[in-house]
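Asker: Structure of the sequence below:
(one chain, ligands or ions: 1)
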Amino acid sequence: MVVFVLWAILAGCGSAAYRSPPESVPSDRLEGSGSLAVRVVGFDTRTGEVALALYDSAESFGARRDPVATARLPIESDTVIWRVVSGLVPGQYAVAAYHDADADGELDRAVAGWPTESYGFSNNARRIAGPPSFKAAAFSLEAGENQIEIRVR
Ligand SMILES: [Ca+2]
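Answerer: Residues are numbered from 1 along each chain as shown. Now for the predicted structure:
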């Protein structure tokens with residue numbers, strides 16, 4: 001069950017459309033809003049893609065539904081940077097990421113259900129079994145530019 005939930009959260013990565021701000025307002029100029037850059041490191045190979053999802057509540061994080069933004073980015077160097085410049089409202093957010101090494105759109109799992117592709121969360125939150133809580137993975141996004149780093153493993 002716990003493993004299933006982890007899988008479900010990670011499966012949400014890259015599965016929903018990116019919510020862009022109104023076109024008439026440059027996204028980085030919405031008053032009081034924040035932008036986010038997520039550095040992802042720790043890839044054991046440069047194959048495939050990294051799938052990412054940004055959540056703004058414990059409910060959406062726990063249910064891996066309604067992410068604020070998602071992305072799938074190729075791994076062209078040791079570091080992948082996801083720039084989420086979308087007029088984010090300051091507050092608590094959490095990011096889930098996994099290395100889709102074979103680019104099949106899924107987090108590969110062993111027969112027992114445990115992920116065989118590397119993954120990580122904001123704050124590098126991790127538990128031995130199952131996903132971290134939103135509280136453990138959440139960070140405060142402030143107005144202006146924000147940057148976090150996630151190490152997948
Ligand atoms: Ca995969």
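
Asker: Show me the contact partners of stretch 31-42.
Answerer: By Cβ atoms under 8 Å, 6 or more residues apart in numbering, the list of residues contacting stretch 31-42 from outside reads 27-28, 50, 52, 54, 78-90, 93, 95, 97, 118, 120, 122, 141-153. For the C-beta atoms, the positions are set from N, CA and C on the backbone; glycine is no exception.

Asker: Buried only: go through the residues you listed for me.
Answerer: Among the contacts of stretch 31-42, those classed as buried by neighbour count (16 or more other Cβ atoms under 10 Å) are 27, 50, 52, 54, 80, 82, 84-88, 93, 95, 97, 118, 120, 122, 141, 146, 148-150, 152.

Asker: Name the helix or strand of the protein that has the lowest mean pLDDT.
Answerer: Taking mean pLDDT, DSSP states H and E as the measure, the helix or strand of the chain with the lowest value is helix 2-11, at a mean of 56.

Asker: any idea of the mean pLDDT in the next helix-or-strand element following that one?
Answerer: Going down the chain from helix 2-11, the next helix or strand is strand 34-41, by DSSP states H and E. The predicted model assigns strand 34-41 a mean pLDDT of 97.

Asker: Adjacent strands (with direction) for the following helix or strand past strand 34-41?
Answerer: Scanning forward in sequence from strand 34-41 by DSSP H and E, the next helix or strand is strand 49-55. Using DSSP bridges, strand 49-55 pairs in its sheet with strand 69-74 (antiparallel), strand 91-100 (antiparallel).

Asker: Tell me which residues of the first one come out buried.
Answerer: Residues 69, 70, 71, 72, 73 are the ones in strand 69-74 that count as buried (16+ other Cβ under 10 Å).

Asker: what's the answer for stretch 105-124, then?
Answerer: For stretch 105-124, by 16+ other Cβ under 10 Å, it's 106, 107, 109, 115, 117, 118, 119, 120, 121, 122, 123, 124.

Asker: Let me have these in a markdown table, adding secondary structure and distance to residue 34 as columns.
Answerer: Converted to a markdown table, the buried residues of stretch 105-124 look like this (DSSP: H, G, I helix; E, B strand; the rest coil; distance: Cβ to Cβ, whole Å):
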| residue | secondary structure | distance to residue 34 |
| --- | --- | --- |
| 106 | coil | 31 |
| 107 | coil | 28 |
| 109 | strand | 34 |
| 115 | strand | 30 |
| 117 | coil | 30 |
| 118 | coil | 28 |
| 119 | strand | 25 |
| 120 | strand | 21 |
| 121 | strand | 19 |
| 122 | helix | 14 |
| 123 | helix | 17 |
| 124 | helix | 21 |
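
Asker: No further questions, thank you.
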